[in-house]
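*Asks:* have a look at this prediction, sequence included:
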Amino acid sequence: MYRLTIQTHFAAAHNLINYQGDCENLHGHNWKVEVQVRAHQLDAAGLGIDFKVLKKEANRLLDELDHKYLNDLEPFKDISPSSEHICRFLFERLSARLNSDNVQVDEVRVWESDNACASYRLD
Ligand SMILES: Nc1nc2c(c(=O)[nH]1)N=C([C@H](O)[C@H](O)COP(=O)(O)OP(=O)(O)OP(=O)(O)O)CN2
Ligand SMILES: [Zn+2]
C-alpha cells in the first residue's frame, strides 16, 4: 500500500455558530489543506495516481470555497464552518471524485493556522 499526500490552500472568511467567544465574529483564515490517498498498485510510470491529478481535483473543489464567506455556502448553511466540518466536507466530495478500485481518499487535514489542524478519515 502506498500513501500519497498533496498540500494546497484556500483563503476564506467564516464565523463559528453556537460558539461563545471571539470566533463567533466574522474573521478569516488562510487554510492549508492536505489530501492523503492510498494506492494499491502503481502504473507503468511508477505512480499510484499523478500528484497533478490530485492537486487539480483538490483545487477544483477548493475554488468553491476560495475567497468566499463560508457560512453563506450550501454545505455550511446548517452547520458551523469549523475546520472539522470543512475537512469532512472535503473528504466526502473528494472521495466521490477520486475513489476507484486502486485509489481511495484516506484522510483530509485542514490547518487553520500553523499550530491548529483538524483531520477526517474513515475508521
Ligand atoms: N476544534 C476547533 N476549535 C476551533 C476552531 C475549529 O475550527 N475547530 N476554530 C476556531 C476559530 O476559527 C478561530 O479563528 C481560531 O482561533 P484560535 O485557534 O484562537 O486562533 P488564533 O489565530 O487566534 O490563535 P492564537 O494561537 O491564540 O493566536 C477556534 N477553535
Ligand atoms: Zn476561524
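*Replies:* Alright, I've got the coordinates. Ligands and ions are numbered 1, 2, ... in the order given.
*Asks:* how about the residues of this structure by ligand 1?
*Replies:* 16, 23, 27, 82-84, 112-113, 116, 118 (Cβ under 6 Å from any ligand atom). C-betas here are computed from N, CA, C, even on glycine.
*Asks:* show me which helix runs longest in this protein.
*Replies:* If you go by DSSP state H, the chain has its longest helix at helix 83-98.
*Asks:* by contact count, what packs against that helix?
*Replies:* strand 27-39, helix 51-62, strand 103-113, strand 116-120 (3 or more Cβ pairs under 8 Å, 6 or more residues apart in numbering; DSSP states H and E).
*Asks:* buried stuff in that helix?
*Replies:* Applying a neighbour-count criterion of 16 or more other Cβ atoms under 10 Å, the buried positions in helix 83-98 are 83, 85-91, 93-94, 98.
*Asks:* check what contacts that helix and list those residues.
*Replies:* For helix 83-98, the external contacting residues (Cβ atoms under 8 Å, 6 or more residues apart in numbering) are 31, 33, 35, 37, 49, 53-54, 57-58, 61-62, 65, 70, 75-76, 79, 104-105, 107-112, 116-121.
*Asks:* please report how far the residue most central in space within the chain lies from ligand 1.
*Replies:* Among the residues of the chain, the one closest to the centroid is Leu90, at 4.0 Å (Cα atoms, centre = their mean). Taking Cβ to the nearest ligand atom, to the nearest Å as the criterion, Leu90 is separated from ligand 1 by 13 Å.
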